[in-house]
Structures are given as C-alpha cells and as structure tokens.
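S.K.: Could you look at this predicted model? Sequence included:
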Amino acid sequence: MADEAFLVGPAPSQQSYLQKDKIIEIAKISGAQAIHPGYGFLSENTEFAQLCEEKGMAFIGPPATAIRDMGIKSTSKYIMAAAGVPVIQGYHGEDQSDAVLKAEAEKIGYPVMIKAVRGGGGKGMRIAMSPEEFEIQLDSARREAVKSFGDDVMLIERFVQRPRHVEVQVFGDKYGNCVYLFERDCSVQRRHQKIIEEAPAPGLSMETRRQLGEAAVKAAKAVNYVGAGTVEFIYDSKTGEFFFMEMNTRLQVEHPITEMVTGTDLVEWQLKIAAGERLPMLQDQITLTGHAFEARIYAEDPAGGFLPGAGPLRYLNTPPSASDVRIETGVRQGDEVSVHYDPMIAKLVVWGDDRSSALRKLRSRLSEYNISGLSTNINFLLDLSAHPSFTSADVHTDFIPEHYNTLFPTKVVSDELLCKAAVSLILEEQAAARQAQLQTADPFSPFISHPGFAVNMLLSRRIELKIGETAYTVEVQHKPDGSFFVVLPSGKDCHVKAQLHRQGNVTHLKAEISGHISQSTVLVTDSGVTLFEEDGSHTFCLPELKYMAEKSKALMSEGDAVAPMPGVVEKLLVSEGQYVKAGDPLVVLIAMKMEYVIRAPKDGLVKQILYNPGASVGKNKPLVHFEE
C-alpha cells in the first residue's frame, strides 16, 4: 500500500480524480518525481500528460501526441489506414450533427456501433440495430461519454456480429524500439465490458499470431509510441481476417495474464522506460509459456441484466496466492463498494501448463473466493467457465446472449444443501449458547442453554428457509448422541452427523448425510446462512418477521418505479402531474459511471418524484410514485 495518502476531493470523480491541477499539486507536495495514472480517469488524457510535462513531472505513459492521435478514435482510424493496418468501415468525420450521423449510419448499414471517440471500457458505446432506435442510442452514448471523458464526439462503425475481441500487448521505448508480447482474447463480455480474459488467444496459428503482433507494432510505430499500450482488433474466426478497432494508450486491467505467460513485469517495464532506459527485452527474446486466465469479480447481479451493485463486503475470504495464482484487489472485509466507481472487487489470475489445466485451476479458485453482503458474479463465472462452448474455446462477443438459457438455468436446490443449511443454523446457535454459558455467572441457566434435549422425547424443530422466491420447510429432530434426523420438503429423511470447525475468519462444516461425507465453508448471519460449495455459493434466508414485511410493503405502492441498483439520479424526464404510458422513460440513473434509463412499469399519473438530480438512491428504493 501507499506510504502516504492525500485527499483529492469528494467521491464523484469529476470533483476528485479528474481534477488535473489538484493531482499535480499533491504530487509536488509529496515530493514525487513521476505519476502513474493507473487504468482509468486521466490515464488516457492528453491534457494531463501535457500538464505533467509542463510541471516537470514524468508521466508514466506514452507522449501526449500518441494519446491524442490514438485516443481520438476517428483520428486513429485515419492514421492506421495510412500505416497499412486493416481498419473497419465507418464514419469518423467532424460533422457531429444528428442528421449527418444518422445518414452515415444508413450508408454503412444497420446494425451500427455508436462509440465515443475518447471512449474505453465500454462507456459511451451503444449499438443501434435499426434507424428507429438510432437517435435514442446516440443521445444515451453522448451523455455517458460526457460523464466519463468530458467529450461527446462520436464515431459510427459497421457492427460486426459474432466477432472475437483479440488484443495485442505492445511496448515501445524512447529509442525507436517496439515489441509485442503476444495477444489476449477478451471476447466474452457484458455491456461491452470484459469479464474474463485469456492469454494466448485460443485456436490461433503461430502465423496468425505473428501477423497480429506485427500489425500491432506497426500501429504503435505510426504514432512514435513509448511505454505500454494495447492494440485491439476485431477478429473473424471464419475468415481469419482482423481489423483495427482501437488502441488503449495505457496499461490494461488484464495485463497480468500477459505477465504470466511471458514471465515479465510490465509495471517494472513502464518505470524503466519512463526513466529513459531501453526495452528490457527484444522481440526474439520474448517467449510464450503456458496459458493464463483472468476473471473479473464484480459487485453485480448477472441474472438481473448484470446491473451493478454497491454496499458493504460483510464477509470476504479469498484463495491463497501462489506463483500460479494472483489476486489483485484493493478491498478488505468490511469495505464498501461505492456507487461512484467501477464495481470491480478483484481480479483472479491463474496460470497453467495449457488451457485445460489453467481452466480447471480457475474454476477451483473461483469456488474458494467467498463473498457475502452484496451480489457478485462469482457463481456466473463458475457457470461460464464450465460451459461446453467455453471449454472448447468457441468464444465470441455475443457469447453470453447466444448461450443465455444455458448460462442462466433454473437451478434445483438439492436435499443435501437443505440439510446442510438447516443443521448449520442449529450448530451455530448451539455454539453461541456455549459461548454465552462461559460468559455468564450462572452457566446452568435454562435461558441460555440449548442442549436440544427434553425428558422422554426428542426435540423437533421446524426451520423455514428461503432461496430466491422459493420457501422450504425442513424439520430437524435432535438425537441423544448429538446427531440429527432431518425430514425434507420432498418427504425424504436423512440421518445427519455434523460439526463446525473455525479457522480464523473461516467456518467449515463437516457433515455426514446418510453415509456421505462432505465439507463446506459456511457463513451464518442473523438473516440466514450461506454455503460455499464447489459450484458456487447458496444463500438461504430466514423468513422476514410479519410486521417488518407489512412495514416494507406500506412504504411502496404496487407499480411504483424503483431503482434496480444503487446509484445517483442524473436527470428527471417527467414531472409531477404528468400522465405516462408503460415503458416511457422516467429517470436517468448513473451507477458505476454507467447510465441507466428507468422506465414506467405501467400507465398512470405521476403523483410524486421522490429524488432530485444529484441525490443518491439505494437498491429497490422507489423513485417515482404513481396515483393509485
């Protein structure tokens, strides 16, 4: 961690991390000689790179001219075409009027990609499938681009359906040397943002790999590139053709997988290049060994359209790091995932001798990444990495929509899970009672003792559990030897022997259920129990008290428009007293720098707007109240 920390401003990035002068001021106060801009915010900002130079501060990145030429996507396409790098058909002109952009889209042919010229990370990017939705998508992309980059200039390109996203890591020094460190496949995405990456890209011949690398170096040299950069290509698996998409003039989030397969430290390279040294290695010295995956662990709801989440990390337990397992994160248990920034919690990076072994290791370590307190995509990543098409490397950017039904199956709660959940609650209750006995002056008090024993009978309890919208009733009978007889909703009964073992922050449940022995990680809270298994986490909730449920219902009338995720109200699109129809836009919500339009759930009269622009709102909180 840093030796010193300085306050740059309030949480919204426009008032803090995007304040160039403030960051320069802090750098001078701290005595820093150089600034590493990281992955986002000002990392690809021409003005900031120039300001660093003017203030005598080394910017650990490319020269401002390269950021300018490659950062403005319309300019970069012209430069690439002139340099002989294949580019895709599109409009990159200066006339940004709605009419011209729409006319150019008609010339290119639908579907088209609308993309911010200074964009990146999927922000300021929309797909228009038809002329009817072009203007709506254009307006949305512009608003998001202004929020993320301070610029709403757009380019329009032909949208290639079912392509692969293959990118090449390049590095240049101040002496004209430039190399490529092979490629990464980042095809599997949601909301145009990567969630799982691998290196090298599967299924490419060495000749194709060489051609991609040489095209990337040609692109970098065309702008006299210095430092770490990534040249992104659209790759057609059927024809083997590839087209320049854009260049990210910074270190990428997924750079660790390149480090894993090349045995390099790219941040060390950045520092050396910024200090005026030559490249540590030349092209023929860079070798490719094994295979690596990176899974991005996000606070989000995959089943709910991957809507981002926010809130506290109430419980966090990660797999151990090793030479072939890296965990890159900036949070600890108890920290808060904020609505103001990207909802990424961590990057899990693994390496193996080949793709199959690396993929097995990825799934194993994902199952050991245990989080409670907010929704994450870990279960989804486990399902994705086990999907037959993914294991066979049949990947493309439409992978998730194409395989949606198999990636989001209706999951059946097994009898074994129900047994474990019910018994875990009882064992945790007994452990709490024993602890209370140790701390009381009357250890024999019947008010704190939970022995599960009564004279002439076996104590039987009914436990109500809920997972999702489905409720289950499990009957548990205590036996004199400390084991349990469990009757399940299916009518099946089980004999269960179980005990809890604590190791620091982790509680393990060892259970023998009708002769089958297994071990799980378990977390019991006041609201329920979570079991962490090889196939992911399973959270069972205890029923809400009746008076609390009635109170919650009273606060929101049926049919009100609610926030599907935590966020900040950006814009109101209706006013009180206005009549709207189902599907009409009501509110623009910003969450994790992405824009979401909240629409009317029904026809009706707007009675009350509950939040003003700039206000923070929690998940499932009503935004617009309708006349009953």
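M.R.: Received, thanks.

S.K.: since we're on Thr287, how many residues are nearby?
M.R.: Thr287 has 10 neighbouring residues, counting by other CB atoms under 10 Å. Where you see a C-beta, it was placed from the backbone N, CA and C, and this is true even at glycine.

S.K.: swap that for Gly373, please
M.R.: Neighbour tally, Gly373, other CB under 10 Å: 21.

S.K.: Hmm, it is touching Ala310, no?
M.R.: No - assessed by CB atoms under 8 Å, Gly373 is found out of contact with Ala310, at 10.7 Å.

S.K.: how close does Val568 get to Phe149?
M.R.: Using CB to CB, to the nearest Å, Val568 is found at 18 Å from Phe149.

S.K.: ok, these two, which is more surrounded?
M.R.: Neighbour count, other CB under 10 Å: between Val568 and Phe149, Phe149 has more, with 21 against 18.

S.K.: what's the nearest residue to the more buried one if we skip its chain neighbours?
M.R.: Arg118 (4.3 Å; CB to CB, 6 or more residues apart in numbering).

S.K.: The one you found in helix, strand or coil?
M.R.: Following DSSP: H, G, I helix; E, B strand; the rest coil, we place Arg118 in the strand state.

S.K.: Quick one: residues contacting it.
M.R.: Contacts for Arg118 (CB atoms under 8 Å, 6 or more residues apart in numbering) come out as 44, 71-73, 124, 145, 149-151, 153.

S.K.: longest single helix anywhere in this structure?
M.R.: Ranked by residue count and defined by DSSP state H, the top helix of the chain is helix 415-439.

S.K.: Give me the helices and strands touching it, please.
M.R.: Applying 3 or more CB pairs under 8 Å, 6 or more residues apart in numbering; DSSP states H and E, one finds that helix 415-439 makes contact with strand 460-467, strand 470-478, strand 484-487, strand 493-503, strand 506-513, strand 516-525, strand 528-533, strand 536-541.

S.K.: Dump the fourth one to CSV, keeping only the CA atoms.
M.R.: What that stands for is strand 493-503. Presented in CSV, the C-alpha positions along strand 493-503 are these (Å, rounded to 0.1, in the frame of the first residue of the first chain):
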residue,chain,number,x,y,z
ASP,A,493,-35.4,-38.1,5.6
CYS,A,494,-31.7,-38.1,6.4
HIS,A,495,-29.5,-39.0,9.3
VAL,A,496,-27.0,-36.2,9.7
LYS,A,497,-23.8,-36.1,11.8
ALA,A,498,-22.2,-32.7,11.6
GLN,A,499,-19.8,-30.3,13.3
LEU,A,500,-18.4,-26.8,12.8
HIS,A,501,-14.7,-26.0,12.8
ARG,A,502,-13.4,-22.4,12.9
GLN,A,503,-10.1,-21.4,11.4
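
S.K.: which residues sit against that strand?
M.R.: Residues contacting strand 493-503 (CB under 8 Å, 6+ apart): 415, 419-420, 423-424, 427-428, 431, 482-488, 507-514, 522.

S.K.: gap between it and the chain center?
M.R.: The chain centre lies 35 Å from the centre of strand 493-503; the measure is CA atoms, centre = their mean, to the nearest Å.

S.K.: ok, and for it, which residues are buried?
M.R.: By neighbour count on 16 or more other CB atoms under 10 Å, the buried set for strand 493-503 is 494, 496-498, 500.

S.K.: For the stretch 201-350 of the chain, give me the ranges with low pLDDT.
M.R.: Within the stretch 201-350 of the chain, no stretch has pLDDT under 70.

S.K.: quick one: the strands in it?
M.R.: 227-235, 242-248, 291-298, 300-301, 307-308, 311-312, 315-317, 325-329, 336-337, 344-352 (DSSP state E, counting those that start in this stretch).

S.K.: closest to His625 out of those strands?
M.R.: Closest to His625 of those is strand 307-308 (CB to CB; 21.7 Å).

S.K.: The closest one: partners in the sheet, and parallel or antiparallel?
M.R.: strand 300-301 (antiparallel) (DSSP bridges).

S.K.: ok, residues contacting the partner strand?
M.R.: Counting by CB under 8 Å, 6+ apart, 306-309, 343, 375-377, 565 sit against strand 300-301.

S.K.: CSV for the residues you listed, including distance to Glu627 and neighbour count?
M.R.: Below are the contacts of strand 300-301 laid out as CSV (distance: CB to CB, whole Å; neighbours: other CB atoms under 10 Å):
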residue, distance to Glu627, neighbour count
Phe306, 33, 18
Leu307, 28, 22
Pro308, 31, 25
Gly309, 31, 23
Pro343, 35, 27
Ser375, 33, 22
Thr376, 38, 26
Asn377, 38, 27
Met565, 26, 26
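
S.K.: Between those residues, which sits nearest Pro63?
M.R.: Closest to Pro63, out of all of the contacts of strand 300-301 and judged by CB to CB, is Pro343, at 32.5 Å.

S.K.: So that closest one sits against Ile297, correct?
M.R.: No - with contacts counted by CB under 8 Å, Pro343 stays clear of Ile297, the gap being 9.7 Å.

S.K.: Mind jotting down where the helices sit in the stretch 1-150 of the chain?
M.R.: Under the criterion DSSP state H, counting those that start in this stretch, helices of the stretch 1-150 of the chain are mapped to 20-30, 46-54, 64-71, 73-82, 98-108, 134-149.
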